[in-house]
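J.: Here is my input; please provide its structure:
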Amino acid sequence: MAEVERSPLLVANSLEPPRNLQVSQIGLWCEIPIWGLLLYDNQTPWLTLLETLHICFARVSHKKSVFPPETSDGEHEWINYEAPLALGLRHLLFEDQHIDEIASSGTENGTMWSTWIAELGVKPPVNIAHLRKTFPQFQDLANAVALLRSGQVDGNNGRRPTSRHLLPLGPSMLFADVKEVEHTSDRRFMRRNGELIFLMLNRSSLRTEVANLIQSELIGADSPWNRLARKLMGGDAYEDQPRSLNTGFLPLAEHGAYERLAQDWRAILSLKKMPVATSLAPLARLSSFNLLLYIVERAVEVTEGPGGYVPPYVFDMVGNTSGNGLRKLSQNLLQQHRRLMPSATRAFVEAYRQSDEWQAIEGTDQASLTACNRLQQRFLWKRDIGTDPDAMPSPSEQIELLINEVQKSHSHSVSAMYVAHSRQIGAITARAGVGTWYAPNDELIEALVLANVAGPIELDAFLEKLFDRYRIVIGAQEAMRAFDGELPEVDATFRENERSFEDRLRMLGFLERKSDDCAFVFNPFHPDTSLTDGDHDVAA
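T.: Sure thing, here's the model as predicted:
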């Protein structure tokens with residue numbers, strides 16, 4: 001009897017992948033059914049945010065809502081969106097090597113224009129007629145380009161010109177990642193992290209509120225930066241035949257991570273006193289931090305089931321050069337988090353090994369060939385083990401080979417993404433000869449305050465909130481909760497850690513200690529930032 005074709009294996013309660021998704025192009029189906037398509041290490045937090053906003057801006061530019069209408073139960077979203085190329089603008093910003101030098105030459109205006117046009121060649125990559133009309137003085141053009149270049153995000157990355165980007169302060173400041181010569185579609189650096197963020201926001205209960213904030217604060221606000229980019233562009237960015245893309249796959253219809261992410265987006269975008277350009281950096285950091293939490297939570301759910309123990313994030317705030325027990329604890333927890341990812345993929349395969357479907361293969365005619373076909377169908381495993389049924393490894397040997405393949409360290413695995421993004425958002429510190437551990441930088445601390453503090457809140461309550469929302473441990477009380485009532489270090493260690501955190505908050509301008517010895521954390525960009533000396537009745 002011919003082998004029945006089977007679809008790739010899914011985790012419990014998973015949605016079916018979109019019907020249009022080309023799953024046959026995926027190399028190994030083990031991480032994707034757990035976390036989604038795709039979590040990628042070379043896509044930085046900034047590029048993750050940009051990709052999310054690409055979808056939002058593209059939908060609105062085509063007269064659609066920021067998020068699509070809610071789908072029927074059990075149906076996965078399939079969203080097509082376009083990313084503009086804006087090749088002329090990108091050349092001005094990231095490729096032109098002559099405009100600054102010519103502008104500083106001191107020659108007369110007409111000479112500067114003719115010299116620059118000659119440098120552009122017979123097929124200029126920019127609309128010269130438009131630029132000369134818009135900027136009669138060449139110096140004005142050079143100044144406009146220099147100003148817009150200062151809005152580059154993640155500027156010291158050394159990436160190719162076609163993978164450099166601006167702050168997403170309007171539709172004219174967004175453009176696709178493309179190949180450097182062919183200017184065709186490329187997912188080298190934008191590999192769907194942002195698409196997963198978009199899908200998570202879309203599935204949260206706050207989708208309408210977040211959509212309204214994205215519309216009003218980012219898309220609808222015609223910033224001076226966006227107007228300048230539009231002047232330099234000289235037309236619609238979509239006129240260059242935009243790159244057409246489709247969103248990927250997010251397994252679960254609901255998850256607590258989606259709600260936490262949406263709450264952070266709502267909190268940051270609701271800070272009317274904060275300039276939008278300033279809000280984007282904390283938004284990028286928190287979006288990636290939420291992805292890291294999601295990775296850990298899903299790994300625990302797959303290995304232990306819903307409600308399993310999620311190891312906490314012990315943040316070392318002391319930061320001295322000598323070793324301490326809290327740093328060692330933080331190092332151990334980072335390693336524990338990293339081990340969860342290969343454990344989850346192994347558990348995914350092991351669960352299939354225990355299934356009736358796999359158990360039924362043993363003892364059948366041509367069991368090795370059936371096992372080979374089944375592993376290809378269920379896990380998209382393409383390892384060459386020959387075609388002779390009599391020479392193939394046994395079913396048990398084949399699934400062991402698959403497990404070994406899953407456990408190997410891969411350069412672009414979810415585990416690699418976890419470490420890369422932890423570094424990039426400032427969640428971990430690494431020192432040669434010492435190791436790597438959780439120790440947040442000032443920018444991540446700032447993002448946590450902006451997203452979690454409305455009116456002034458006592459420091460103890462703020463620490464409790466960080467634990468409740470993100471499993472972050474700084475003080476002794478949260479450590480007791482995280483470790484079942486037993487402190488893994490002496491109480492004095494956590495007290496020192498908490499004092500160091502308080503000092504950091506004070507230096508950053510987020511904390512005041514009042515005359516009655518109560519320390520309050522406040523958000524200077526929130527409307528309610530007032531503190532009354534000695535008054536405990538402040539807004540929480």
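
J.: Please enumerate the helices of the stretch 101-250 of the chain.
T.: With DSSP state H, counting those that start in this stretch as the criterion, the stretch 101-250 of the chain has helices at 109-120, 128-134, 138-149, 193-203, 207-213, 224-233.

J.: Only alpha carbons, please: show the third one as PDB.
T.: Read it as helix 138-149. As requested, the backbone C-alpha atoms of helix 138-149 are provided in PDB (Å, rounded to 0.1, in the frame of the first residue of the first chain):
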ATOM      1  CA  PHE A 138      23.600  72.500  -4.200                       C
ATOM      2  CA  GLN A 139      24.600  73.300  -0.600                       C
ATOM      3  CA  ASP A 140      20.900  73.000   0.500                       C
ATOM      4  CA  LEU A 141      20.800  69.500  -1.100                       C
ATOM      5  CA  ALA A 142      23.900  68.400   0.700                       C
ATOM      6  CA  ASN A 143      22.600  69.800   4.000                       C
ATOM      7  CA  ALA A 144      19.300  67.900   3.500                       C
ATOM      8  CA  VAL A 145      21.100  64.700   2.800                       C
ATOM      9  CA  ALA A 146      23.400  65.100   5.800                       C
ATOM     10  CA  LEU A 147      20.400  65.800   8.100                       C
ATOM     11  CA  LEU A 148      18.500  62.800   7.000                       C
ATOM     12  CA  ARG A 149      21.600  60.600   7.300                       C
END
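
J.: From the chain's centroid, how far away is that helix?
T.: Mean-position distance between helix 138-149 and its chain equals 32 Å (Cα atoms, centre = their mean, to the nearest Å).

J.: helices and strands around that helix, which ones?
T.: Judged by 3 or more Cβ pairs under 8 Å, 6 or more residues apart in numbering; DSSP states H and E, helix 138-149 is in contact with helix 99-103, helix 109-120, helix 224-233. (Glycine included, C-beta is placed from N, CA and C.)

J.: List the buried residues in stretch 264-284.
T.: Residues 264-271, 274, 276, 279-284 are the ones in stretch 264-284 that count as buried (16 or more other Cβ atoms under 10 Å).

J.: Please tell me how far L28 sits from R132.
T.: Distance check for L28 against R132: by Cβ to Cβ, to the nearest Å, it reads 54 Å.

J.: Oh, that last question was meant for H98, not what I typed.
T.: From H98 over to R132 the distance is 16 Å, taken as Cβ to Cβ.

J.: What does R90 show for phi and psi?
T.: With angles defined as degrees, to the nearest 10, R90 sits at phi -60, psi -40.

J.: Contact partners for it?
T.: Counting by Cβ atoms under 8 Å, 6 or more residues apart in numbering, R90 touches 161-162, 164, 175.

J.: For those residues, give me JSON lines that also has distance to C56.
T.: Shown next, in JSON lines, are the contacts of R90 (distance: Cβ to Cβ, whole Å):
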{"residue": "P161", "distance to C56": "25"}
{"residue": "T162", "distance to C56": "22"}
{"residue": "R164", "distance to C56": "21"}
{"residue": "F175", "distance to C56": "15"}
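
J.: which one of those has the most neighbours?
T.: Among the contacts of R90, the one with the most neighbours (other Cβ atoms under 10 Å) is F175, at 27 neighbours.

J.: okay, now the nearest residue in space to that one that is not next to it in sequence: neighbour count?
T.: Leaving aside its chain neighbours, F175 sits nearest to A86 (4.0 Å; criterion: Cβ to Cβ, 6 or more residues apart in numbering). As a burial measure, A86 scores 28 neighbours (other Cβ under 10 Å).

J.: my read: A86 touches M233, true?
T.: Yes - contact between A86 and M233 holds when scored by Cβ atoms under 8 Å: they sit 6.1 Å apart.

J.: Between these two, which contacts overlap?
T.: S172.

J.: where does the stretch 201-350 of the chain have low pLDDT?
T.: 235-241, 320-323 (pLDDT under 70).
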